[in-house]
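Undergrad: Fold the stuff below for me.
(one chain, ligands or ions: 1)
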Amino acid sequence: MVTSLLRVDHASRRFGGQTALDDVSFQVRPGEILGIIGRSGAGKTTLLRCLNGLERPDSGRILIEDRDITTLPERELVQVRRRIGLVFQHFNLLNSRTVAGNIELPLQIAGVPRDRRRARAGELLDLVGLAGHADKRPSQLSGGQKQRVGIARALAAHPALLLCDEATSALDPETTLSILDLLRDINRRLGLTIILITHEMDVIRRIAQRILVMDRGRVVEDAETAQVLRGGARHDVTRAFLHGESARLPDTIAALMRPAPFAGGAPLVRLTLDAGAAGVPVLSVLGRQYGIDAAIVQAGMADGGAQAECVVRLSGHDDGAMDFLRQASPSMEVLGYVPADS
Ligand SMILES: Nc1ncnc2c1ncn2[C@@H]1O[C@H](COP(=O)(O)OP(=O)(O)OP(=O)(O)O)[C@@H](O)[C@H]1O
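TA: Numbers count the residues shown, from 1 in each chain. As a prediction, this is how the structure comes out:
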């Protein structure tokens, strides 16, 4: 039985004097969504190319469904590659083909007969919400629609793993959310394992159950996303990504924020409340039951209005209150600490 869909074991890769991957090890379980984040030059692209067999590490192993792709001959590597669907930042669609023709391309290359290709493209267009667009050209679609076609094409050959390389970086924030929601939906409905390479913490926060932070070729953090968002980050680079997020806080608050608790300081917490928490008067329960005052610093909608997001400053302390908030908002995130009277 396959216990880990992907296992990277002490992989290293150098280019001349430059170390792109430095003793990288991690595993991905079937059905998991893993987000890999890192600054420019951290080694994300090199890792992705190694996972896809386009690049071989100088040392170490990469096992996909228990097959070590670093030693496979090219012919067998082609078969393992079919188990991996790739989604690109700039979609990589062919305008010389229709939307359906783009989705069918990997199947055509694999020698699948025309009628089966057509049927599969139809199924996938339904899945990604583009039924009725089969005969259009990519140039007639919006960026978000193009990426939906890119995702459908990546799914065409029933991959076990979807590798998304900055899949939302070319999209506006609203379209980004809809594409991330689609990926999450596909993960749930098909049980598909997804790896997202990104430089945006927001992407991770939105859908990744696990986060891997890379810095100068090394994995410096490998943790549950919820744990990192709750303030459990071990490495400065992870904290820097989290702190970068708070740039969207009002300037007056961001200027006062410190990363660690201090005397007279109050935690600033981001809550995401979805339909499950609807009807629970979260902030009044905090006050009545736990004696905590929660001042709303920022509020908005997410997930097309299905979720409410707010940043609150909590005055007073009670461990029970934090547990209560974690239940109401599993992705609760301690952004930092500000003076309680700010
Ligand atoms: N083919 C190559 N030849 C020489 N150096 C390379 C090559 N590929 C990557 N590198 C170097 O390896 C390091 C990691 O690069 P990589 O592209 O994997 O990082 P990255 O995290 O994907 O960055 P970005 O977010 O900018 O794409 C960098 O210092 C880069 O210059």
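
Undergrad: Can you pull the residues of the stretch 51-200 of the chain lying near the ligand?
TA: His199 (C-beta under 6 Å from any ligand atom). To be clear about C-beta, it is placed using only N, CA and C from the backbone, and glycine gets the same treatment.

Undergrad: burial of the residue in the stretch 51-200 of the chain positioned nearest to the ligand, as a residue count?
TA: Per C-beta to the nearest ligand atom, His199 is where the stretch 51-200 of the chain lies closest to the ligand, at 5.8 Å. Other residues near His199 come to 16 when the count uses other C-beta atoms under 10 Å.

Undergrad: mind checking pLDDT for it?
TA: We have a pLDDT of 88 for His199.

Undergrad: same deal with the one 4 residues further on?
TA: On the pLDDT scale, Val203 is placed at 92.

Undergrad: Test my guess that it contacts Leu183.
TA: No: using C-beta atoms under 8 Å, Val203 is not in contact with Leu183; the gap is 9.6 Å.

Undergrad: list residues touching both of these two?
TA: Taking C-beta atoms under 8 Å, 6 or more residues apart in numbering as the contact rule, the neighbours common to Val203 and Leu183 are Leu196.

Undergrad: just to revisit the earlier point, dump the residue contacts of the residue of the stretch 51-200 of the chain closest to the ligand.
TA: Applying C-beta under 8 Å, 6+ apart, the residues contacting His199 are Ile37, Gly38, Arg39, Ser40, Lys44, Glu166, Ser169.

Undergrad: mind checking the backbone torsions on it?
TA: With angles defined as degrees, to the nearest 10, His199 sits at phi -120, psi 10.

Undergrad: for Asp68, same thing?
TA: Torsion angles, degrees, to the nearest 10, at Asp68: phi -80, psi 110.

Undergrad: is it in a bridge, and if so with what?
TA: Listed beta-bridge partners, Asp68: Leu63 (assigned using DSSP bridges).

Undergrad: Count the neighbours of it for me.
TA: Residues near Asp68, counting by other C-beta under 10 Å: 13.

Undergrad: in stretch 132-150, what counts as buried?
TA: Judged by neighbour count (16 or more other C-beta atoms under 10 Å), stretch 132-150 contains these buried residues: 133-134, 137-138, 141, 143-150.
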